[in-house]
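Participant: A structural model of the following input is requested.
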Amino acid sequence: MNKAVLLISYLAAGLAIAGCSLLSPKAKIEITLVGEKTSLENQVLGNYSFIGADPMLLVSVRALPDDIAEISDEKRRSLLAYQNRLYNKDDYQRFMDMKIIGESNSGYVEIRDSRRLDEDKELARLVDRFLQEENRDRRIIYNRIISITQGLSENDLGKVEEIFAHKMHDEARPGWLIQDASGSWKEKSAP
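Facilitator: Modelled structure (predicted):
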């Protein structure tokens, strides 16, 4: 018990000293927020996480068509889009590693090495199919996020695309191609 009283006394004395120095007229307090997301970004990204939050529903989307009939078309489309993006993730990573595609500043993927695709028609076919699916799925998800995010309308699609462009750039591996806000393409550098 004496140790507890002694510890509390030390803590109280430390807080009193710290409080005195912080409350003195000469004390300057600077608060710098680094990496803080806007409330809109937090809301949009939170709703994106919400779309894929139910793994059982996500797994059952294609496996149990009877259950799908109980959810809205818009929700079903967004779940299928989310699931398809997970399914295509290995192709996404492979094509990004090959620097054939890159993350644009508009929230979509674009071809970056068309010369290589001209040389390999089978690879070109695979990349084209992947790009169509990935960008379609992103558009579906963006529209779903707009519909479930309070305060957003169809006119806010550009904001949602920009938020996801930042998300995808943040998640990109070093060496992957990303487009900055000015439109220039570069390889993401190591942290």
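
Participant: Next, count neighbours for Leu79.
Facilitator: Neighbourhood size, Leu79 [other Cβ atoms under 10 Å]: 23. (C-beta placed from N, C-alpha, C; glycine too.)

Participant: how near is it to Ser189?
Facilitator: 35 Å (Cβ to Cβ, to the nearest Å).

Participant: Low-confidence ranges, this structure, go.
Facilitator: 1-38, 40, 44-69 (pLDDT under 70).

Participant: contacting residues around Met168?
Facilitator: Glu103, Gly107, Ile178 (Cβ atoms under 8 Å, 6 or more residues apart in numbering).

Participant: Next, the closest residue to the second one other than its chain neighbours: secondary structure please.
Facilitator: In other words, Gly107. The shortest distance from Gly107 to any non-neighbouring residue, by Cβ to Cβ, 6 or more residues apart in numbering, is to Glu161 (3.5 Å). At Glu161 the chain is in helix, as set by DSSP: H, G, I helix; E, B strand; the rest coil.

Participant: Next up, the contacts around Glu161.
Facilitator: Ser106, Gly107, Tyr108, Tyr142.

Participant: Remind me which helix or strand the last one belongs to.
Facilitator: Following DSSP states H and E, the helix or strand that holds Tyr142 is helix 121-148.

Participant: Which other helices and strands does that helix contact?
Facilitator: helix 39-51, helix 73-87, helix 89-97, strand 101-103, strand 109-111, helix 114-119, helix 157-171 (3 or more Cβ pairs under 8 Å, 6 or more residues apart in numbering; DSSP states H and E).

Participant: Buried residues, the second one. List them.
Facilitator: Think helix 73-87. For helix 73-87, the buried set under the neighbour-count rule, 16 or more other Cβ atoms under 10 Å, comprises Lys75, Arg76, Arg77, Ser78, Leu79, Leu80, Ala81, Tyr82, Gln83, Asn84, Arg85.

Participant: ok, now the third one?
Facilitator: Neighbour-count burial for helix 89-97, counted by 16+ other Cβ under 10 Å, picks out Asp91, Tyr92, Phe95, Met96.

Participant: from what I can see the second one touches Glu134, true?
Facilitator: Pointing back at Tyr92 there. Yes - between Tyr92 and Glu134 there is a contact under Cβ atoms under 8 Å: 6.6 Å.

Participant: Now do the shared contacts for these two.
Facilitator: Counting by Cβ under 8 Å, 6+ apart, the shared contacts of Tyr92 and Glu134 are Arg85, Val109.

Participant: would you list the contacts of Glu161 in TSV and tack on neighbour count and distance to Ser184?
Facilitator: Listed next are the contacts of Glu161 as TSV, based on neighbours: other Cβ atoms under 10 Å; distance: Cβ to Cβ, whole Å:
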residue	neighbour count	distance to Ser184
Ser106	15	14
Gly107	23	17
Tyr108	19	17
Tyr142	24	24
